[in-house]
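Asker: Quick check, what structure comes out for this input:
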Amino acid sequence: MASSSALALAARRSVARLRCLERGSPRRAAPRTRSFDRARSLSSAAAAAAASSDVDAPPPAAPAEAKNPHHPRMFAPLDLGPHIGRLPNRVLMGSMHTGLEGHSIPGFALPFLNAEDDHEDLTEMAVYFGERAKGGAGLMVTGGVSPNRQGWVGPFAGKLTTETERDRHKVVTDMVHSIRIPTYSPNSPDGTEPGRICLQILHTGRYAYHPFAVSASSTKSPISPFPARELSTSNVKATIRDFANCAVLAKEAGYDGVEVMGSEGYLINQFLVSKTNQRSDEYGGAFGNRMRLAVEIVEEVRKACGQDFIVIFRLSMLDLVKDGSSWEEVRALAQALEDAGVTIINTGIGWHEARIRECNAIDLTNDFGRGSPGSFSEARCAKIETRRAATIATSVPRGAFAFVTKKLRDEKIVNVPLCATNRINAPSTVEAVLGGSADLVSMARPFLADPDIVRKSREGRDEDINTCIACNQACLDHAFIGKTASCLVNPRACHETEISIEPDSVKSDERLNIGVVGGGPAGMAFAHTAATLGHHITLFDKSDEIGGQSMLLFSFPFLLHPCSLQMVLMLGQFNMAKRIPGKEEFHETIRYFRVQLEKLQQAGKLELKLGTEITYDDMERKSCDGMAGRRIDKWIIATGVDPRVPNIPGMDHPNVLSYIDVLRHKAEVGKKVAVIGAGGIGFDVSEYLLHHDDSDDRDRSADEVDVFLENWGVDKSNSDRGGLLPEEGVKMTKPHREIVLMQRKRGKLGAGLGKTTGWIHRSTLVRSKCVEMISEVSYDRIDEQGHLHITIGKGDKKKTGVLEVDNIVLCAGQISKRDLQEAAVDAGSDLASNTFTIGGAYEAGELDAKRAIDMGTRLALRIKDDDVVPGKHAFHADVGAEEKLYDAMMKIMR
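Answerer: Numbers count the residues shown, from 1 in each chain. Okay, the predicted model is just below:
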């Protein structure tokens, strides 16, 4: 426990700082010497043996002067002081809400929800964190848990306020503490450190999605339908006690510490900023008062839990909102938090409501739409606002926000370790960030993609890492609808107890010879899983390289949402990635599957038949005669989809192109373009055409940080409040074309795009001022000049006009390629009962890569079962109580 004198000294320092700030002059401390242990220079000879050892069988103690030969900074131990000890590496597994954290739904209500998984027991959460501890995470943080009812994320969300709730968490901490993690610390007798885990305490404040929301003042968040009630002074003090009580319960449950969520626009952040804090008591007014809540929470947590308890504070270093915190305030709060007793300061970037830039759609018809209706930029598309800065999507360069952590670190005003976060997903990026920007790094979603990312990095097996592509489709998008999180590239994430993939676990007499036709996401996922389990797989693809039809996806950074990923499974290879910024992440997935399938081939478990197109006759022959002594027992058809061609008179005009012509065949496209179809494909093609310059063949980098920050109006110097550039400082990339994007149905274009990323695509097009969006369009005909005649609206309000464009690009959806399945059914042979379609071939209308990979993986686990027959071979994750409750709440609110 902390000595009373030490706590008193910390309190006196904090009070002095608060009084100074109340006078409006944040204290400028002299630079401090950063005293905690840095990476040591060690010998690489002993590290090779340690790096190749399995986590469950730890290597002998590493001698002094040892370091990891592959990523030395990443695996340098970090000393957190004599009361806590050392972390084995510099990787923090950051907080993510997975849906496994439990809930507070009354027991009597659970039967009425009829959920397949009630999540009352936290065993699934324990297995989830256990796998990541085995994978080498030095320190892990849970998803947010509320310290009281008002702080719930949503109705009956997870909280920790009672001994009963405390006891549920013990299975999690017991699991993590049973695991030892290799370290290069010379002070470790057996060369390992214990697994460690912290609980994140999250009070949502006015972001709460329930009617009990509270905040610093009575305000309403733009992202919640419920207005927040102002906390009274006594309620503020009670909330501080609730945080401390939650931390005590966490410690009693076995957690090694807590992370206090003070960023992203949640309650503590709401107290820090004057736009949401208009109080006149001791918790409002001057910044010294506004930061009092944060400081007193940390002080009370430290006082209640002692010095042997990790206290992380998530500090918003870049609010990205108007009238957000100034840099002087960020510095002052960091110093006060250190005095109050934090162990680590983690970086927070952006409020959830952050609007980087507000833009109006531009009327292009003066020149572009000559001869068309007066203006297509009517109310339905007149104004689009960005809802949040792009801070974690694929379009964000790797390590883009490490600069703000470096800024605080370089000022040397705090001694505690600083943690960088956001879009750090590979060991090479970790090494770069640890080269001077931060003392440790936080990776959250990368642990969904690959729970073994740290262990593989330690062993120098970077090519075996299943890299997070930051698509948000199965993690954040799920969290927003109460659905258990997962991962597009790893469906096992958060479903470890449902999906068990043990090598060679299928009994020898149950192993099948399976032919897979199509090497897109669904086909690759099935082949990889089935071969790993012990089946023998022959993978056919008419392309000459693995990834086949999915190569287009991994050439474009724009294909981030379910609708747009439909095109993944329908196109042939397309080697234009070098022209596209942000493409690297998608190539990482192709690289991962390629490496894994090649290893399975080397092990004799899989054969790759590339450049081979399969017909029904081929299937029938191989099912009867076999090949190389192997008769195919079952067929998996993953042939994807074909583009749908609309019936418009004049479609044969040479100015009319399909998106395949544009993206795969590199057809030349003029400066004025009409795009038919505003689903995911239409948005992707529009964004590509907007930025692609036929005359510029330079390789693009996904790490062009400065260009990204300027485009989104982020002030790298953080000189203005909130870290926003003034309007004149925003530098948009010059568009290369003018585009009209249209859809037949009425309503907002792009309404079906990804929940957390779709707005980025809409905003990118609108902010260019060169894209016009029109809904409720009928396509009448294409004339001899290649111009498109259209009608907008219906009845008395309809208008007709002509779009005088250079090209018309068709993005009107797709249809499943079921030729092989239909041929088998028509033949009436036994082959039909052994032919299974997956991915786009199974269902084009709702296809996305997330669903395709999940479907392929789950079918591979059950393909040997007699009750799995065509038509009854699509399996899904269990539906949790939280998702059922969310659905019920949405029905009531509608």
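Asker: Distance-wise, check Ile514 relative to Ile636.
Answerer: 6 Å (C-beta to C-beta, to the nearest Å). From N, CA and C alone the C-beta is placed, and that goes for glycine too.
Asker: just checking, what's the longest strand in the chain?
Answerer: Once the chain is assigned using DSSP state E, the strand that runs over the most residues is strand 310-318.
Asker: Which parts of the stretch 351-500 of the chain are strands?
Answerer: 358-360, 383-385, 418-420, 440-443 (DSSP state E, counting those that start in this stretch).
Asker: Low-confidence ranges, the stretch 751-894 of the chain, go.
Answerer: For the stretch 751-894 of the chain, residues meeting the criterion pLDDT under 70 lie at 754-759, 845-847.
Asker: swap in the stretch 51-200 of the chain?
Answerer: 51-65.
Asker: pretty sure Glu843 contacts Ile815?
Answerer: No: taking C-beta atoms under 8 Å as the definition, Glu843 is not a contact partner of Ile815, at 10.6 Å.
Asker: Run me through the strand neighbours of the longest strand of the chain, direction for each.
Answerer: Strand pairing for strand 310-318, determined by DSSP bridges: strand 257-262 (parallel), strand 344-349 (parallel).
Asker: which one of those strands lies closest to Gly284?
Answerer: With C-beta to C-beta as the measure, strand 257-262 is the member of the strands paired with strand 310-318 nearest Gly284 (16.9 Å).
Asker: How many residues are close by Glu804?
Answerer: Glu804 sits with 18 neighbouring residues when counted by other C-beta atoms under 10 Å.
Asker: What sits closest to it if chain neighbours are left out?
Answerer: His787 (5.0 Å; C-beta to C-beta, 6 or more residues apart in numbering).
Asker: correct me, but the one you found touches Asp806?
Answerer: No: with contacts counted by C-beta under 8 Å, His787 stays clear of Asp806, the gap being 9.7 Å.
Asker: need the helices for the stretch 751-894 of the chain, in chain order.
Answerer: With DSSP state H, counting those that start in this stretch applied, the stretch 751-894 of the chain shows helices at 758-767, 819-827, 849-862, 881-893, listed in chain order.
Asker: and Arg302, which of these is closest to it?
Answerer: helix 881-893 (32.3 Å).
Asker: which other helices and strands contact that closest one?
Answerer: When contacts are defined as 3 or more C-beta pairs under 8 Å, 6 or more residues apart in numbering; DSSP states H and E, helix 881-893 packs onto helix 110-113.
Asker: May I see the buried residues of the helix it packs on?
Answerer: Leu110, Leu113 (16 or more other C-beta atoms under 10 Å).
Asker: following it, which helix or strand shows up next?
Answerer: Following helix 110-113 in sequence order, the next helix or strand is helix 123-134 (DSSP states H and E).
Asker: Give me the residues contacting that next one.
Answerer: Residues from elsewhere that reach helix 123-134 (C-beta atoms under 8 Å, 6 or more residues apart in numbering): 55-56, 93, 98, 100-102, 117, 140, 142, 171-172, 174-176, 178-179, 181, 195, 197, 447, 451-452, 455, 493-494, 496-497.
Asker: Quick one: buried ones out of those residues?
Answerer: For the contacts of helix 123-134, buried by 16+ other C-beta under 10 Å: 55, 93, 98, 100-102, 117, 140, 142, 171-172, 175-176, 179, 181, 195, 197, 447, 451-452, 455, 493-494, 496.
Asker: who's in contact with Leu249?
Answerer: Going by C-beta under 8 Å, 6+ apart, Leu249 touches Leu160, Thr161, Thr162, Glu163, Glu165, Arg166.
Asker: do Leu87 as well
Answerer: Leu87 makes contact with Pro77, Leu78, Leu80, Gly138, Leu139, Glu193, Arg196, Leu440, according to C-beta under 8 Å, 6+ apart.
Asker: Among those, which pair sits farthest apart?
Answerer: Pairwise over the contacts of Leu87, using C-beta to C-beta, the maximum falls at Glu193 and Leu440, 14.0 Å.
Asker: Looking at the two, which one has more neighbours?
Answerer: Neighbour tally, Glu193 and Leu440, criterion other C-beta under 10 Å: the higher count belongs to Leu440, 25 against 22.
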